[in-house]
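Student: Need coordinates for the below:
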Amino acid sequence: MWSRVELKDRAKALLRQIYWSAFGVSIVIALAGGNNGWSGGGGSHSGNSRDSIYVNIHNNSLIGWWLFPTLLTGFIVVLALRIFIGYCLEVGGRRYFVQSAQYRNNKGCFSFGFNGRNYTGIVSSMLLMKIYIFLWSLLLIIPGIVKSYAYRMVPYILAENPNIGAREAIALSNEMTMGHKFDMFVLDLSFIGWYLLGVLACGIGVLFVMPYENATNAELYLVLRRNALNNNLCSYEDLLLDRPGYYDGNGMW
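Tutor: Predicted structure coming up:
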């Protein structure tokens, strides 16, 4: 088993050495769409604004002709960037934190996802995972949330072996998180206070919390990976790990 305190203590110890580089990597992960959503937010239009837009569209005014195509084009562009660039940047960022947590070479992690076959493996696996989560969310919001926790380790698995296969990565993540989803949810909740403080600091403070959360989640992955290896859920070869050692959760191999 694992505890939030242990994971966070190891994350803080790591960040004392690499905080500013971790900060930069966390910004890239967030821009790529890989954050867990605690720091997200958005405004809403007033009822009068919505009524005004509706009237304009209903009356076939100019806004009615260009608003929908513009929004649709923007959505398609953002989605394409997320799929074809963002996924690789997210996996590269996760690789950075996993490598750093093991005190290994963390250079070139962003280029990792764009190298040769790695690119295809990452894009196809991440896309399939997102499709699965979307389909589960269509049932009701709760199944979608549960599956998002079940599949959360997929980017970390791909960060070690991008060519493990989409279905294999998803299945392994599901097995790794079995029995841990509620604890993972509580772990996420434990960061809300920090994010609220960040919001109070003109919103900028949120950015400084992200490295802490990302480093903690990398520590969680290493613990779940150790459990998976011990329980024969996967092999060293599946994750391209060197035998005979693996991370024991205390910085030792």
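Student: buried sites along the longest helix seen in the chain?
Tutor: With residue count as the measure and DSSP state H as the assignment, the chain has helix 4-31 as its longest helix. By 16 or more other C-beta atoms under 10 Å, the buried positions in helix 4-31 come out as 4, 7-8, 10-11, 14-15, 18, 22-23, 25-26, 28-30. The C-beta positions use only the backbone N, C-alpha and C, and glycine is treated the same way.
Student: my read: F110 touches V91, true?
Tutor: No: taking C-beta atoms under 8 Å as the definition, F110 is not a contact partner of V91, at 9.3 Å.
Student: Which one of these two is surrounded by more residues?
Tutor: V91 (32 against 18; other C-beta atoms under 10 Å).
Student: What's the first helix or strand after the helix or strand harbouring the more buried one?
Tutor: Using DSSP states H and E, V91 sits in helix 87-101. Sequence-wise, the next helix or strand downstream of helix 87-101 (DSSP H and E) is helix 109-112.
Student: residues in contact with that following helix?
Tutor: For helix 109-112, contacts defined as C-beta atoms under 8 Å, 6 or more residues apart in numbering pick out 25, 28, 88-89, 91-93, 95-96, 99, 118, 159, 162.
Student: So for that helix, what gets flagged as buried?
Tutor: Those buried within helix 109-112 under the rule 16+ other C-beta under 10 Å are 109-110, 112.
Student: Next secondary structure after it?
Tutor: Downstream of helix 109-112, the first helix or strand assigned by DSSP H and E is helix 117-139.
Student: counting contacts, what elements does whatever helix or strand comes next after that following helix pack onto?
Tutor: Toward the C-terminus, helix 117-139 is succeeded by helix 141-150 as the next helix or strand (DSSP H and E). Using 3 or more C-beta pairs under 8 Å, 6 or more residues apart in numbering; DSSP states H and E, the elements in contact with helix 141-150 are helix 117-139, helix 181-189.
Student: Nearest to L172 among those would be which one?
Tutor: helix 117-139 (10.9 Å; C-beta to C-beta).
Student: Output the below-cut-off pLDDT ranges for the protein.
Tutor: For the chain, the stretches with pLDDT under 70 are 36-64, 244-253.
Student: what's the burial count for R243?
Tutor: Neighbour count for R243, taken as other C-beta under 10 Å: 8.
Student: what sits against S190?
Tutor: Taking C-beta under 8 Å, 6+ apart as the test, what S190 contacts is 4, 8.
Student: backbone phi and psi for it, please?
Tutor: When read as degrees, to the nearest 10, the backbone of S190 gives phi -70, psi -10.
Student: Only alpha carbons, please: show stretch 117-132 as PDB.
Tutor: Coordinates of each C-alpha in stretch 117-132 appear next as PDB, following Å, rounded to 0.1, in the frame of the first residue of the first chain:
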ATOM      1  CA  ARG A 117       7.800   4.700 -34.000                       C
ATOM      2  CA  ASN A 118       7.200   6.300 -30.600                       C
ATOM      3  CA  TYR A 119       5.000   8.900 -32.200                       C
ATOM      4  CA  THR A 120       2.600   6.500 -33.800                       C
ATOM      5  CA  GLY A 121       2.400   4.300 -30.600                       C
ATOM      6  CA  ILE A 122       1.700   7.300 -28.400                       C
ATOM      7  CA  VAL A 123      -0.900   9.000 -30.600                       C
ATOM      8  CA  SER A 124      -2.900   5.800 -31.300                       C
ATOM      9  CA  SER A 125      -2.800   4.700 -27.600                       C
ATOM     10  CA  MET A 126      -3.700   8.000 -26.100                       C
ATOM     11  CA  LEU A 127      -6.500   8.600 -28.700                       C
ATOM     12  CA  LEU A 128      -8.000   5.200 -28.000                       C
ATOM     13  CA  MET A 129      -7.900   5.800 -24.300                       C
ATOM     14  CA  LYS A 130      -9.700   9.200 -24.700                       C
ATOM     15  CA  ILE A 131     -12.300   7.600 -26.900                       C
ATOM     16  CA  TYR A 132     -13.000   4.900 -24.200                       C
END
